[in-house]
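Novice: my questions are about this predicted structure, shown below with the sequence.
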Amino acid sequence: MKDMAYQYDYFGKSELNEKSLILSVKVPEWDEANDKFITYPTILHIVKPGFKTEVYDGQGNLVNEILGTYTNLELTMKSGKYIYIKFYCYFLTDEDSFTLNFCLMEDQYTMLMEYLKENVNQKKSNLADMSGAEFEQLVQELVQKMGFEAQLTKASGDGGIDIIAYSNQPFLEGKYIIQCKRYNANSRIGEPPLRDLYGVVMSERANKGILVTTSYFTTSATKFAENKPIELIDGEKLISLLSKYGLHYS
């Protein structure tokens, strides 16, 4: 990888080949001591469908490497010919979510968006083929498209919470607890998971708990949710919502 560091030792260089996209970008950080932003060079190397970032020092030595899977991207600021983005990801090792901040040139941003659209976003169109982590990412993307801030929790020790969402919208302002269950369409979700979700909603003082599934709910589960701050999204409702917000799955 040291050869790559010397090959991409200046900001703004890009390379697109059959296997990957390589961008020489910068990472902005706030320097509290000097009360200003500073940047340091980074190689953003995307190998479909995952990516890795490679951070080098001034001598071209690899000092840090992060392996992950891209989930979403947000343009945060444009300043002249520079584009600042948030790059939302999962660690490949433990499926923990995180965010990377990058500064790119305009042509790099265009190249990145085209690459992601063509390659990385070729997601599994059948919900049944998804892993549990992939399904959680999909629900997170849906919730974000609906206007909420949404954060995936850690894979374990989350008290049954998969996503925590927040809204600043009138009549909707507050905290929402979301649990995701990718089940076989022939399975049914009963009352016990809803009792657990209700307990979490009460302890977290959330507006509502939402259970999203690819399956359906039993009659007892539906009755339990009545008159409680719990919303049930079954497979049929989920497909309808995905379609409404431009996410086409079956």
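Specialist: Arrived safely, thanks for sending.

Novice: how far does the host helix or strand of Lys237 sit from its chain's centre?
Specialist: Assigned by DSSP states H and E, Lys237 falls within helix 235-244. A distance of 19 Å separates the centroid of the chain from that of helix 235-244, by Cα atoms, centre = their mean, to the nearest Å.

Novice: buried ones in that helix?
Specialist: Within helix 235-244, the residues that count as buried by 16 or more other Cβ atoms under 10 Å are 235, 238-239, 241-242. No exception for glycine: its C-beta is placed from N, CA and C like everyone else's.

Novice: let me see the domain layout of the protein.
Specialist: Domain assignment for the chain, taken from automatic domain parsing, gives 2-120, 127-244.

Novice: which of those domains has the lowest average pLDDT?
Specialist: Mean pLDDT per stretch puts domain 2-120 lowest among the domains of the chain, at a mean of 77.

Novice: max-length strand in this structure?
Specialist: strand 62-79 (DSSP state E).

Novice: which parts of this protein are helices?
Specialist: Secondary structure of the chain (DSSP state H): helices at 2-7, 106-115, 132-145, 191-204, 219-225, 235-244.

Novice: what are the buried residues along the fifth one?
Specialist: Meaning helix 219-225. In helix 219-225, counting by 16+ other Cβ under 10 Å, buried: 221, 224-225.

Novice: neighbouring contacts of stretch 74-85?
Specialist: 28, 73, 86, 88, 101-106, 108-109 (Cβ atoms under 8 Å, 6 or more residues apart in numbering).

Novice: swap in 7 Å and give it another go.
Specialist: 28, 73, 86, 102-106, 109 (Cβ atoms under 7 Å, 6 or more residues apart in numbering).

Novice: now a ChimeraX select for only the buried ones of these.
Specialist: Those of the contacts of stretch 74-85 that count as buried under 16+ other Cβ under 10 Å are selected in ChimeraX with:
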select :28,73,102,103,104,105,109
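
Novice: can I get the contacts of stretch 74-85 in TSV with distance to Lys19?
Specialist: Shown next, in TSV, are these (distance: Cβ to Cβ, whole Å):
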residue	distance to Lys19
Pro28	28
Leu73	20
Lys86	25
Phe102	21
Cys103	25
Leu104	21
Met105	22
Glu106	25
Tyr109	21
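
Novice: of all the contacts of stretch 74-85, which comes closest to Leu142?
Specialist: The shortest approach to Leu142 among these belongs to Leu73, at 16.0 Å (Cβ to Cβ).

Novice: any idea how far that closest one lies from Leu194?
Specialist: The gap separating Leu73 from Leu194 is 34 Å, by Cβ to Cβ, to the nearest Å.

Novice: tell me the bridge partners for Glu149.
Specialist: Tyr166 (DSSP bridges).

Novice: okay, which residue is most central for this protein?
Specialist: Thr71 (4.1 Å; Cα atoms, centre = their mean).

Novice: that one against Lys86, yeah?
Specialist: No: using Cβ atoms under 7 Å, Thr71 is not in contact with Lys86, being 11.0 Å away.

Novice: without its sequence neighbours, what residue ends up closest to Lys145?
Specialist: Tyr245 (4.3 Å; Cβ to Cβ, 6 or more residues apart in numbering).

Novice: you'd agree that neighbour is up against Leu142?
Specialist: Yes: using Cβ under 7 Å, Tyr245 makes contact with Leu142 at a distance of 6.0 Å.

Novice: please identify which of the two sits among more neighbours.
Specialist: Leu142 (23 against 15; other Cβ atoms under 10 Å).

Novice: okay if I get the helices of the chain as JSON lines plus distance to Cys180?
Specialist: Converted to JSON lines, those look like this (distance: least, Cβ to Cβ, whole Å):
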{"stretch": "helix 2-7", "distance to Cys180": "38"}
{"stretch": "helix 106-115", "distance to Cys180": "27"}
{"stretch": "helix 132-145", "distance to Cys180": "5"}
{"stretch": "helix 191-204", "distance to Cys180": "11"}
{"stretch": "helix 219-225", "distance to Cys180": "16"}
{"stretch": "helix 235-244", "distance to Cys180": "10"}
